[in-house]
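**Student:** here is my input, please return the structure:
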Amino acid sequence: MQYFPRLLSLATALFAATAVQAAPISLGLDPSLNLLAFGNMTVASSDVEGRVAVGGNATINGYSINTKTGSSALYAGTGLTVGGNLAFTNGTVWGGASVGGSYTPNSSGNVMGGTTSGQGFAFAGEQQRLTALSSSLDTLVNTGTAVDQWGTLHFDAAGQMLAIFDIVAADAMKNLQIDGLADGAQILINIHGTAVDFGNHGYIGFAKGQVLFNLPQATSVTLNGGINASLLATNASVGAGWGQINGQVVVKDWASGVQVNDAPMPVSRPPLNSTVRTLPEPASLALVALGLVGARLARRRRV
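**Tutor:** Predicted coordinates:
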C-alpha cells in the first residue's frame, strides 16, 4: 500500500508551506540602524533618533542623529556612516562619524566622538541582500484581503502571528486600519506600484515595531503625516515631506524632512524559514489530522 508514504509526503509539504507563512520576519539589521540609504541623503531641519548609514554622499543641515534627548547618544557606536562625501552644518551627530570620501569640518556641525576615514558598512552587499528579501516577502501568500469600508482599508490580523496583505499604490492614500493585531505579532503589507504616495490620513492599529511596508517595485515615495511602521523600499527615492516615521527605514535616496524615530523591527526572532510556531492555525490543525490518519494506517499495516 502506498497511502502512508504519500500521506507523509503531503504532510511534510503542508508543514513546510505553513511554517514559512507563520514565521516572523526581520530585516536582519542591527536595531540601532534607524535609517539606511544606499544612494544619497540631502536633508535639513529634522532628525533621526537612531544611527544612520548612507552609501553615497550626505548633505546635512540643521539636523541631529543618534539622540533622543539632545544630551547624549541613544546608541553606542558610530552614529553616522557615509560611503561618499559628507557636508554637515548646524546640528549634532552623536557617536561620531565614519566618512569614506571627503569631509571638511564646520564649526556649526558638531560630531560628538569625532570622525574616522573609511566606508564602515557593506553597502553593496546589504543592498543586494535586502532587495532579495523585499522580493521574497512579496511572494508570500496573503493571509487575507484588505477590505475597503467607507474609505478605510481594513487589514484583519486577528489570530495570526504573521498577517500578510497585498495592496496597490492607490490604496496607500486611503485611511488604513489594522484590526486584531496581537502583542508580539507582525503584519506585512506589500504595496505594488512604482510611485507610492502615503498621503496624510489616519493609521489605526499600527503598533510600533510590528508593521512593515514592503515596496518591491517603488522608485519614488512621498511621505506626509506619520506612520508607526518600518519601510523597505530599496529602489526608491524619498522626496520632501513632513511628519514622522516610527520604525526602521531602508531606501535608495533620502531627501525628506520627515523625522525618523527609534522603533526597530525585531532581530531576536527566528529567520523567515523557521519552523517555530506560536499560534495554532487551521492549516496546522489539518496537519495534526493528517498525522492521526497516518498513525491509523500504520497500525492497520501491522495488524
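
**Student:** switch to C-alpha atoms for all contacts and neighbour counts from now on
**Tutor:** Fine.

**Student:** hey, where'd the helices end up in this structure?
**Tutor:** Per DSSP state H, the chain carries helices over the ranges 3-22, 123-139, 282-302.

**Student:** so for the longest one, mean pLDDT?
**Tutor:** It refers to helix 282-302. Averaging pLDDT along helix 282-302 gives 37.

**Student:** next: the first one.
**Tutor:** Confidence over helix 3-22, taken as the mean pLDDT, stands at 40.

**Student:** same check on the second one?
**Tutor:** Taken as a whole, helix 123-139 carries a mean pLDDT of 98.

**Student:** got the buried residues for it?
**Tutor:** Neighbour counts over helix 123-139 (16 or more other C-alpha atoms under 10 Å) mark Phe123, Glu126, Gln127, Leu130, Thr131, Leu133, Ser134, Leu137, Asp138 as buried.

**Student:** ok, the first one touching Phe38?
**Tutor:** Spelled out, that is Phe123. Yes. With contact defined as C-alpha atoms under 8 Å, Phe123 reaches Phe38; the gap is 6.4 Å.

**Student:** what are the contacting residues of stretch 112-124?
**Tutor:** Stretch 112-124 has contacts (C-alpha atoms under 8 Å, 6 or more residues apart in numbering) with 38, 53, 55, 81-84, 92-101.

**Student:** do stretch 185-197 as well
**Tutor:** 24-25, 137-138, 157, 160-170, 172-173, 181, 210-223.

**Student:** measure it end to end?
**Tutor:** Length of stretch 185-197, first residue to last, C-alpha to C-alpha, to the nearest Å: 26 Å.

**Student:** hang on, the earlier thing: which of the contacts of stretch 185-197 are buried? Put it as a PyMOL command.
**Tutor:** Of the contacts of stretch 185-197, the buried ones go into a single PyMOL selection, burial set by 16+ other C-alpha under 10 Å:
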select buried, resi 24+25+137+138+157+160+161+162+163+164+165+166+169+172+173+181+210+211+212+213+214+215+216+217+218+219+220+221+222+223
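
**Student:** strands - which of the contacts of stretch 185-197 land there?
**Tutor:** Within the contacts of stretch 185-197, residues falling in strands by DSSP state E are 162-168, 211-214, 220-222.

**Student:** format these as JSON lines; extra columns: distance to Gly243.
**Tutor:** Putting the ones in strands among the contacts of stretch 185-197 into JSON lines (distance: C-alpha to C-alpha, whole Å) gives the following:
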{"residue": "Leu162", "distance to Gly243": "27"}
{"residue": "Ala163", "distance to Gly243": "26"}
{"residue": "Ile164", "distance to Gly243": "26"}
{"residue": "Phe165", "distance to Gly243": "25"}
{"residue": "Asp166", "distance to Gly243": "25"}
{"residue": "Ile167", "distance to Gly243": "23"}
{"residue": "Val168", "distance to Gly243": "23"}
{"residue": "Val211", "distance to Gly243": "18"}
{"residue": "Leu212", "distance to Gly243": "18"}
{"residue": "Phe213", "distance to Gly243": "17"}
{"residue": "Asn214", "distance to Gly243": "20"}
{"residue": "Ser220", "distance to Gly243": "18"}
{"residue": "Val221", "distance to Gly243": "14"}
{"residue": "Thr222", "distance to Gly243": "11"}
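
**Student:** quick one: the residues you listed as CSV, columns for pLDDT and distance to Ile60 too.
**Tutor:** Output for these, formatted as CSV (pLDDT from 0 to 100; distance: C-alpha to C-alpha, whole Å):
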residue, pLDDT, distance to Ile60
Leu162, 96, 37
Ala163, 97, 37
Ile164, 98, 36
Phe165, 98, 36
Asp166, 98, 35
Ile167, 98, 34
Val168, 98, 33
Val211, 97, 29
Leu212, 98, 27
Phe213, 98, 26
Asn214, 98, 27
Ser220, 98, 21
Val221, 97, 20
Thr222, 95, 20
